[in-house]
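S.K.: make a model of this:
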Amino acid sequence: MSARIAMQLSTFGALPCAQCGTELKRPAWSEPVNEREVRHLWNCRDCGYVFETMVFFCTDAETRPDVAAEAEPVAPLAA
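M.R.: Numbers count the residues shown, from 1 in each chain. Here you go, the predicted structure:
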C-alpha cells in the first residue's frame with residue numbers, strides 16, 4: 001500500500017481526546033478484530049481518559065475505485 005493511501009485510511013494524529021480535546025498522536029493499543037476491522041484503544045496522557053475506536057475497511061473495490069486502482073493486495077490476517 002502506498003504511503004498516500006495509508007494516510008487516507010489512517011486517523012492517527014487527527015483524533016482529539018473526547019474529554020479535554022488534546023490531539024492524540026497514536027493509540028495505546030491496536031488489535032485486528034477480523035480481516036476488515038481494527039480496534040484502537042486510546043489513552044489521553046493529559047486527562048487520563050481512555051476510550052476505543054473501531055476502523056472498518058471496505059472489501060468492495062467498486063465503493064472506492066480511486067483507492068482500489070492504486071492499492072496493492074494485502075494478505076488476510078491470520079486467525
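S.K.: which residue lies closest in space to Gln47, excluding its sequence neighbours?
M.R.: For the record, residue 47 is Cys, not Gln. Distance criterion Cβ to Cβ, 6 or more residues apart in numbering; nearest residue to Cys47, sequence neighbours excluded, is Cys20 at 4.3 Å. Just so you know, the C-beta spots here come from the backbone N, C-alpha and C atoms, and that holds for glycine as well.
S.K.: for the chain, what spans make up the strands?
M.R.: Along the chain, the stretches classed as strands by DSSP state E are 15-16, 23-24, 29-34, 37-43, 50-56.
S.K.: pull the third one out as PDB, backbone CA atoms only.
M.R.: So that's strand 29-34. Below are the C-alpha coordinates for strand 29-34, written out as PDB (Å, rounded to 0.1, in the frame of the first residue of the first chain):
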ATOM      1  CA  TRP A  29      -3.100  -0.400  21.700                       C
ATOM      2  CA  SER A  30      -4.400  -1.700  18.400                       C
ATOM      3  CA  GLU A  31      -5.700  -5.200  17.500                       C
ATOM      4  CA  PRO A  32      -7.300  -6.700  14.500                       C
ATOM      5  CA  VAL A  33     -10.800  -8.000  15.100                       C
ATOM      6  CA  ASN A  34     -11.000  -9.700  11.700                       C
END
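S.K.: partner strands of that strand and their direction?
M.R.: strand 37-43 (antiparallel) (DSSP bridges).
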